[in-house]
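**Student:** below: sequence and its predicted model.
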Amino acid sequence: MPNEPLVLGIETSCDETGVGVVRGHTLLADALASSVEEHARFGGVVPEVASRAHLAAIVPTIRRALAQAGVTLADLDAIAVTAGPGLAGALLVGVAAAKGYAVAADKPIYGVNHLAAHVAVDTLEHGPLPEPALALLVSGGHSSLLLVDDLAGGVSALGSTIDDAAGEAFDKVARLLGLPFPGGPPIDRAARDGDPAAIAFPRGLTGSRDRAAHPYDFSFSGVKTAVARWVEARRRAGEPVPVPDVAASFQEAVADVLTAKAVAACRAHGVSTLVIGGGVAANSRLRWLAQRRCEAAGVTLRTPRPALCTDNGAMVAALGSYLVAAGAPPSRLDLPADSALPVTTVTV
Ligand code: KG4
Ligand code: ZN
């Protein structure tokens, strides 16, 4: 068993065809083909469009990653692929490709959990993850708080969103404000010129009764609706919508809840490391607030650079490399793509 395994990672759970190559904790290549522009006019990812784009991109992206890393298929110790959760058709493309390459090159295959991969990617930037750690994963498809006792198998969910994912709320609010898809980056930019205290938008599941029943769950549909009502009322009154203030106040409501609950979970579980991942982890206000609150609570914050927070193949390769080094058994060649793979299942 090599202690610096060379692993190819394939990610196709949503709209990014990502292929990464990792040796141990070192990132050698991170190739990406995105279909995001094909979805923009629909205001959200269209599953069938994503699947077709993956089909067109998968082989060239794998070739590009291998070339970038300066390695061949024969050099690899293993191939890792996102087996779920995600869009069923999109996942199938990556899983089928990984199986084909694994058979052709006679390599072990690891079908891995997308959420665990979002955590593992941090090791490429900050080295081995202290365990236990807490992970806050926030993206267009998921918003979860995970307790990570052991990345190879001991991951448990403390909470998740009961309605919209955090990134979904950014995308919907951006649409309301006439900003492009995906909405996170333009809201982040607009908010720089706004006042985060201008409008008091609701913080979901933070009242005392909700906190007791849902200490680590999130809800973002209320804040999204509150923004919609506020904007509609301004428009009805014939007044201009102060986009920077709305963006900053909305962003503040989301970042406030996410960081407060993540730090509370660290305290309650006696965990001193917090990892934040997923596309929304690229948000500048979330990163700033998390840093401030972690410092105050004596928690070490680890956030990968923004390009590693959004979906990519390097994160899958990073988890694969971790699993090979830990001596985890590979998946069977008939491994399924499971769109609803539970977070507790790190490998299938
Ligand atoms: O992890 P990701 O690339 O794909 C999913 O698994 O969903 O996350 C995409 C999400 C989108 O909803 C996008 O609006 C959001 O991440 N996002 C951001 C920022 N950059 C991307 N949200 C807030 N602020 C950002 N800077
Ligand atoms: Zn993701």
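**Tutor:** Noted; the coordinates are in hand. Numbers count the residues shown, from 1 in each chain. Ligands and ions are numbered 1, 2, ... in the order given.

**Student:** which residues of the stretch 51-200 of the chain fall in strands?
**Tutor:** Assigned by DSSP state E, counting those that start in this stretch, the stretch 51-200 of the chain shows strands spanning 78-84, 109-113, 133-138, 143-150, 154-160.

**Student:** can I get those in TSV including mean pLDDT and distance to residue 212?
**Tutor:** Where C-beta positions appear, they are placed from N, C-alpha and C, glycine not excepted. Listed next are these as TSV, based on pLDDT from 0 to 100; distance: least, Cβ to Cβ, whole Å:
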stretch	mean pLDDT	distance to residue 212
strand 78-84	98	32
strand 109-113	98	30
strand 133-138	96	20
strand 143-150	95	16
strand 154-160	94	13
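
**Student:** export those to a markdown table and tack on mean neighbour count?
**Tutor:** Shown next, in a markdown table, are the strands of the stretch 51-200 of the chain (neighbours: other Cβ atoms under 10 Å):
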| stretch | mean neighbour count |
| --- | --- |
| strand 78-84 | 28 |
| strand 109-113 | 28 |
| strand 133-138 | 28 |
| strand 143-150 | 21 |
| strand 154-160 | 17 |
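
**Student:** out of these, flag the one nearest ligand 1.
**Tutor:** The stretch from the strands of the stretch 51-200 of the chain with the least distance to ligand 1 (Cβ to the nearest ligand atom) is strand 133-138; that distance is 7.6 Å.

**Student:** now do the helix or strand hosting residue 31: distance to the chain's middle.
**Tutor:** Take DSSP states H and E as the rule and residue 31 turns out to sit in strand 26-34. Taking Cα atoms, centre = their mean, to the nearest Å, one finds strand 26-34 lying 16 Å from the centre of the chain it belongs to.

**Student:** near ligand 2 at all, that strand?
**Tutor:** No - figure legend: strand 26-34 not in contact with ligand 2 (Cβ under 5 Å from the ion); closest approach 12.9 Å.

**Student:** that strand pairs with which strands?
**Tutor:** Strand 26-34 sits in its sheet next to strand 16-23 (antiparallel), going by DSSP bridges.

**Student:** does ligand 2 sit close to the strand it pairs with?
**Tutor:** No - using Cβ under 5 Å from the ion, no contact is recorded between strand 16-23 and ligand 2, whose separation bottoms out at 8.6 Å.

**Student:** just the buried residues of the helix or strand of the chain with the lowest mean pLDDT, please?
**Tutor:** The helix or strand with the lowest mean pLDDT-type score in the chain, counting by mean pLDDT, DSSP states H and E, is helix 36-39 (a mean of 87). Buried residues in helix 36-39, counted by 16 or more other Cβ atoms under 10 Å: residue 39.

**Student:** from the chain's centre, how far out does it sit?
**Tutor:** Distance of helix 36-39 from the chain centroid (Cα atoms, centre = their mean) equals 18 Å.

**Student:** what of stretch 101-110?
**Tutor:** 26 Å.

**Student:** run through who's touching that stretch.
**Tutor:** With contacts defined as Cβ atoms under 8 Å, 6 or more residues apart in numbering, stretch 101-110 is touched by 7-8, 62, 73-74, 76-81, 98-99, 319-320, 323-324, 328, 330-331, 333, 335, 347.

**Student:** what residues sit buried inside it?
**Tutor:** 101, 102, 107, 108, 109, 110.

**Student:** and it, how far apart are its ends?
**Tutor:** 12 Å (Cα to Cα, to the nearest Å).

**Student:** can you check stretch 31-51 too?
**Tutor:** Start-to-end, stretch 31-51 (Cα to Cα) is 18 Å.

**Student:** alpha carbons of stretch 121-135, as PDB, please.
**Tutor:** C-alpha atoms of stretch 121-135 as PDB (Å, rounded to 0.1, in the frame of the first residue of the first chain):
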ATOM      1  CA  VAL A 121     -10.100  18.600  -0.600                       C
ATOM      2  CA  ASP A 122      -8.900  20.700   2.300                       C
ATOM      3  CA  THR A 123      -6.100  18.300   2.900                       C
ATOM      4  CA  LEU A 124      -4.600  19.400  -0.500                       C
ATOM      5  CA  GLU A 125      -4.200  22.900   1.000                       C
ATOM      6  CA  HIS A 126      -3.700  22.400   4.700                       C
ATOM      7  CA  GLY A 127      -2.400  18.800   5.000                       C
ATOM      8  CA  PRO A 128      -3.800  15.900   7.100                       C
ATOM      9  CA  LEU A 129      -7.200  16.800   8.700                       C
ATOM     10  CA  PRO A 130      -7.200  16.600  12.500                       C
ATOM     11  CA  GLU A 131      -9.900  14.200  13.600                       C
ATOM     12  CA  PRO A 132     -12.500  14.700  14.900                       C
ATOM     13  CA  ALA A 133     -13.400  17.800  12.800                       C
ATOM     14  CA  LEU A 134     -16.600  19.500  12.100                       C
ATOM     15  CA  ALA A 135     -17.500  20.200   8.500                       C
END
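
**Student:** what are the bridge partners for the residue lying closest to residue 154 once chain neighbours are set aside, then?
**Tutor:** Leaving aside its chain neighbours, residue 154 sits nearest to residue 148 (7.2 Å; criterion: Cβ to Cβ, 6 or more residues apart in numbering). When bridges are called by DSSP bridges, residue 148 pairs up with residue 133, residue 155.

**Student:** tell me the contacts of residue 148?
**Tutor:** So residue 148 contacts 119, 129, 131, 132, 133, 134, 135, 154, 155, 275 (Cβ under 8 Å, 6+ apart).
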